[in-house]
Structures are given as structure tokens and as C-alpha cells.
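[1] curious how this folds, go ahead:
(one chain, ligands or ions: 1)
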Amino acid sequence: MQEDLSFDHIGIAVYSIEAALKSYAATLGLSMERTVSIEEQKVRVAMLSLGESRIELLEATDPTSTICRFLEKRGEGVHHICFKVKDISRKLIAFRKAGLHTLENISGTGYEGRKIAFLHPRSTHGVLIELVEE
Ligand code: CO
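    Prediction:
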């Protein structure tokens, strides 16, 4: 069992956060934590609380954003799931040793400035997995 791995959020790529909030906040009733822009990733993010978990709505702020490319290819939908880890560097080394492919190195530019990294979907059966340090 992975005691130092827990679920954090699901990331959903949307064309417009404002439009998506009509469904997720107004209709489904999820409460909005806040909206932030993450320059380096060229996205605007809205975090919504759902019990112990969260839903992250991702909107591209630039045509070169990975979210923009995702939307062009696949349209709106689930983009990634995110696991929380205690020590992201240690976890990445362990995952690489186990043969998993990582998408990029650790970046300090996640939501709330937390350290994040990604596992390539080809290692995880088609699902992009984000790791975030607690
Ligand atoms: Co995320």
C-alpha cells in the first residue's frame, strides 16, 4: 500500500472557466476556492471543493498552452488526475527506477506554488498523472 500517496484532485480542461462554473458551481453546487493564473503553464485554474477532494477547471491563456492543444485534439474533458505526495523528489526517483516515464522535471509552479511533476500517460494506461508535494 502507498501510504505516502493520496488523492488530491481531478483536472478538467474547459474552453471557458466562466461557462464551466455555471455547471460545476451554480448547478452542481461545488464551492469555489479561488481562481489563479499560472503563467509558466499558460493556464487559468479554478479550484472547487468537493468534500476532501477538489475539482480543478483548466482554461488556456495562450494558444501554445498544453491545455489548448488538448482541447483542439480531444475537446473538453478530464485532463489529469492528481496525487499528493510527501516528498516529490524521492517519489519521482522511485517511480523512474520502477520504469515509469515522467513527462518533465519537478516544477515549482503548481496551484498555490506547490512543486509538481507529471507521469506520462503511456506509463499509466492513458491517464496523465500529476504529482503534487503536500
Ligand atoms: Co492539477
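[2] distance of I10 from the ion?
    For I10, the distance to the ion (Cβ to the ion, to the nearest Å) stands at 8 Å. In this view, the C-beta of every residue, glycine as well, is placed from N, C-alpha and C.
[3] ok, that residue touching F83?
    No. At 11.0 Å, I10 does not count as touching F83 under the criterion of Cβ atoms under 8 Å.
[4] show me which residues of the protein sit near the ion.
    Counting by Cβ under 5 Å from the ion, the chain comes close to the ion at G11, E56, C82, E130.
[5] tell me what the host helix or strand of the first one is packed against?
    It refers to G11. Per DSSP states H and E: G11 is located in strand 5-13. In terms of contacts (3 or more Cβ pairs under 8 Å, 6 or more residues apart in numbering; DSSP states H and E), strand 5-13 is packed against strand 53-60, helix 66-74, strand 77-85, strand 129-133.
[6] distance from the last one to the middle of the chain?
    In terms of Cα atoms, centre = their mean, to the nearest Å, the gap separating the centre of strand 129-133 from the centre of its chain is 7 Å.
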